[in-house]
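A.B. asks: what's the 3D shape of this:
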Amino acid sequence: MQSSVKHKLLEAFSEADGEFVSGQALAEIVGCSRTAVWKHIESLRSEGFELEAVRKKGYRIIAAPDKVTENEIMIGLHTERLGKRIVFKDSTDSTQKEAHRLAQEDFKEGTVVIAEEQTAGRGRMTRTWHSPKYTGIWMSVILKPQLPPYKAPQFTLITAVAIVEAIIEVTGMTPEIKWPNDILMNGKKITGILTELQADADQIHSIIIGIGMNVNQPEFPEELKDIATSLAIETGNKVSRARLIQELLKNIERYYDIYIEEGFSEIKKRWETYAISIGKQITARTVQATIEGKALGITEEGVLKLLDKEGTIHDIYSADIEVNN
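C.D. replies: A predicted model of the protein is given here:
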């Protein structure tokens, strides 16, 4: 099946939102005969889509396979820009590297690079990220805000809030944010965020937001068991990765628009509500020093304010944070 035909069919089913679409309507949308539509429907079934056909009503999708290709993500995606172009890789070294290349080729804002497996996934400070096949969400989103580079750190915090609220929506469980870029559940890491820039001194060209989320791993290697977990482990149930991606993209777009139109204040409040460290005694390990003190909150620029025992308030721009018991 040609990808353009498949795209139009799935878009029509998505807009129908679970309702039937007649064979004639699908034929007009796709631009082919009703017999050809039937053949395309059978092709979708062969890919794992469950479609119901009812005489005089037409077709509707009941369920999609647990994959993270463009087709599965499109059904139920309610965004204006994000995810309208998806570049899917069965296996890649890093979605972040691929997204950087596409951004330089002038791919549109909202383009999403997603893979079933990363062979060289990475986190902040060039750390490796464990990304086994068919278990998690390994994706990068290209944004192109008309903003100066100093506004970029807020996008890590915007994404963190979007992730937490997507997990709440899909699983009913509330994770916590560990500044600046980790999402935790029961004290263990479930998601990491990597925000990188393509920019001149005064203008952002692209922000590449990398997201690695542990979703359906049943277990972790021995060296990660004490520090990492997955949604399946914490909930006891397998989670739909496609639905989680849909909620995540919807939330990122929503908070991105709020940030551009209204500023960071509303997002800042939500971030602090979910943050594990605010009001706690923490240790911040920066490149220059290790500082202990009370985390007071974040500024409008996303900088962490830390009050040490001498009464000095430190601005923490980048650090590894440990919450003290």
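A.B. asks: Show me which positions of stretch 311-323 end up buried.
C.D. replies: His314, Ile316, Ala319, Ile321 (16 or more other CB atoms under 10 Å). Using the backbone N, CA and C atoms, a C-beta is placed for each residue, glycine as well.
A.B. asks: Please read the previous query as pertaining to stretch 75-83.
C.D. replies: For stretch 75-83, a neighbour-count test (16+ other CB under 10 Å) marks Ile75, Gly76, Leu77, Arg81, Leu82, Gly83 as buried.
A.B. asks: Next: stretch 217-229.
C.D. replies: Here stretch 217-229 shows Gln217, Phe220, Ala228, Thr229 as buried, counting by 16+ other CB under 10 Å.
A.B. asks: Looking at these, which are in helices?
C.D. replies: Counting by DSSP state H, none of the members of these fall within helices.
A.B. asks: Point out the least confident one among those residues.
C.D. replies: pLDDT across the buried residues of stretch 217-229 is lowest for Phe220, at 86.
A.B. asks: hang on, the earlier thing: could you export the buried residues of stretch 311-323 as TSV, including secondary structure?
C.D. replies: Formatted as TSV, these follow (DSSP: H, G, I helix; E, B strand; the rest coil):
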residue	secondary structure
His314	strand
Ile316	strand
Ala319	coil
Ile321	strand
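A.B. asks: Make CSV out of the residues you listed and add distance to Asp93 and pLDDT.
C.D. replies: As requested, the buried residues of stretch 311-323 are exported to CSV (distance: CB to CB, whole Å; pLDDT from 0 to 100):
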residue, distance to Asp93, pLDDT
His314, 37, 94
Ile316, 31, 92
Ala319, 28, 87
Ile321, 29, 88
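A.B. asks: Save those as a markdown table, and put in distance to Ala166 too.
C.D. replies: Listed next are the buried residues of stretch 311-323 as a markdown table, based on distance: CB to CB, whole Å:
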| residue | distance to Ala166 |
| --- | --- |
| His314 | 32 |
| Ile316 | 27 |
| Ala319 | 26 |
| Ile321 | 23 |
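A.B. asks: which parts of stretch 296-307 are buried?
C.D. replies: Gly297, Ile298, Gly302, Val303, Leu304, Lys305, Leu306.
A.B. asks: now do stretch 6-24
C.D. replies: Neighbour-count burial for stretch 6-24, counted by 16+ other CB under 10 Å, picks out Lys6, Lys8, Leu9, Leu10, Ala12, Phe13, Ser14, Ala16, Phe20, Val21, Gly23.
A.B. asks: before we move on, what about stretch 84-103?
C.D. replies: So, applying 16+ other CB under 10 Å, buried residues of stretch 84-103: 84-89, 92, 94-100, 102-103.
A.B. asks: what residues does that stretch touch?
C.D. replies: 68-70, 73-74, 107-108, 110-122, 133, 138-142, 144, 194, 196, 198, 205-206, 208, 210 (CB atoms under 8 Å, 6 or more residues apart in numbering).
A.B. asks: do that again at 6 Å, thanks
C.D. replies: For stretch 84-103, contacts defined as CB atoms under 6 Å, 6 or more residues apart in numbering pick out 69-70, 73, 110-121, 138-140, 142, 198, 206, 208, 210.
A.B. asks: measure stretch 103-117 end to end?
C.D. replies: One end of stretch 103-117 sits 21 Å from the other (CA to CA, to the nearest Å).
A.B. asks: For Ile245, what is the enclosing helix or strand?
C.D. replies: Using DSSP states H and E, Ile245 sits within helix 241-262.
A.B. asks: thinking again about what came up before, of the buried residues of stretch 75-83, which pair is most distant in space?
C.D. replies: Greatest spatial distance among the buried residues of stretch 75-83 (CB to CB): Ile75 and Arg81, at 18.0 Å.
A.B. asks: buried ones in the stretch of helix or strand Met213 belongs to?
C.D. replies: Using DSSP H and E, Met213 maps to strand 204-214. In terms of neighbour count (16+ other CB under 10 Å), strand 204-214 has its buried residues at Ile204, Ser206, Ile207, Ile208, Ile209, Gly210, Ile211, Gly212, Met213, Asn214.
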